[in-house]
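1. Pasted the sequence and its predicted model underneath.
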Amino acid sequence: QVQLVESGGGSVQAGDSLRLSCAASGRTFSSYGMGWFRQGPGKERDIVAAISPSDGRTYYANSVKGRFTISRDNAKNTVYLQMNSLKPEDTAVYFCAAAALRFTIRTAAYDYWGQGTQVTVSS
């Protein structure tokens with residue numbers, strides 16, 4: 001069982017930056033691929049970025065490439081999402097998720113989810 005707790009959301013202006021953190025419980029964090037997803041009002045939950053368990057592979061949705069950076073610190077059981085040059089269309093609830101022993105961008109492949117953190121970007 002893995003418990004995930006996101007933090008770092010908030011309300012910002014367009015062009016600002018935020019860094020989301022996701023702290024994971026358990027001793028096997030390094031064996032989980034991690035992903036950040038977001039869900040806007042009335043929209044489906046979509047992948048934003050993903051990172052492999054231990055070899056540093058990453059994936060970014062086209063809409064955030066060049067602006068967002070996913071990283072992880074396995075010693076701290078934490079995954080981060082650095083978000084720069086934020087836009088109003090980035091407004092959503094952001095979720096982190098863990099997938100055991102795999103690097104995946106499929107929502108259904110993730111085993112554990114956090115409760116989400118709200119990011120609001122105003123113009």
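-> Nice, thanks for sending it over.

2. Pull the number of nearby residues for Ser123.
-> Residue neighbour count, defined by other Cβ atoms under 10 Å, stands at 8 for Ser123. C-betas here are computed from N, CA, C, even on glycine.

3. quick one: contacts for it?
-> The contact partners of Ser123, by Cβ atoms under 8 Å, 6 or more residues apart in numbering, come to Gln13, Ala14, Pro88.

4. With Arg102 instead?
-> By Cβ under 8 Å, 6+ apart, Arg102 lies in contact with Gly33, Pro53, Ala109.

5. Would you mind putting these into TSV with neighbour count alongside?
-> Written out in TSV, the entries for those read as follows (neighbours: other Cβ atoms under 10 Å):
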residue	neighbour count
Gly33	25
Pro53	21
Ala109	14
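
6. Which members of these occur in strands, if any?
-> Gly33 (DSSP state E).

7. how about the contacts of Arg102 in a markdown table, adding distance to Ala98 and pLDDT?
-> As requested, those are arranged in a markdown table below (distance: Cβ to Cβ, whole Å; pLDDT from 0 to 100):
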| residue | distance to Ala98 | pLDDT |
| --- | --- | --- |
| Gly33 | 7 | 97 |
| Pro53 | 10 | 94 |
| Ala109 | 10 | 95 |
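
8. quick check, nearest of the contacts of Arg102 to Arg67?
-> Distance ranking of the contacts of Arg102 against Arg67, using Cβ to Cβ, places Gly33 first at 21.7 Å.

9. List the contacts of that closest one.
-> Applying Cβ under 8 Å, 6+ apart to Gly33 gives the contacts Ala50, Ile51, Ser52, Pro53, Ala98, Ala99, Leu101, Arg102, Phe103, Thr104.

10. Next, work out how far apart the fourth one and Gly42 are.
-> Going back to what we said before, that points to Pro53. Taking Cβ to Cβ, to the nearest Å as the measure, Pro53 falls 33 Å from Gly42.

11. Let me know the helix or strand that the residue nearest the centre of the chain is in.
-> Nearest to the mean C-alpha position of the chain, counting by Cα atoms, centre = their mean, stands Trp36 at 2.2 Å. Under DSSP states H and E, the secondary-structure element containing Trp36 is strand 32-39.
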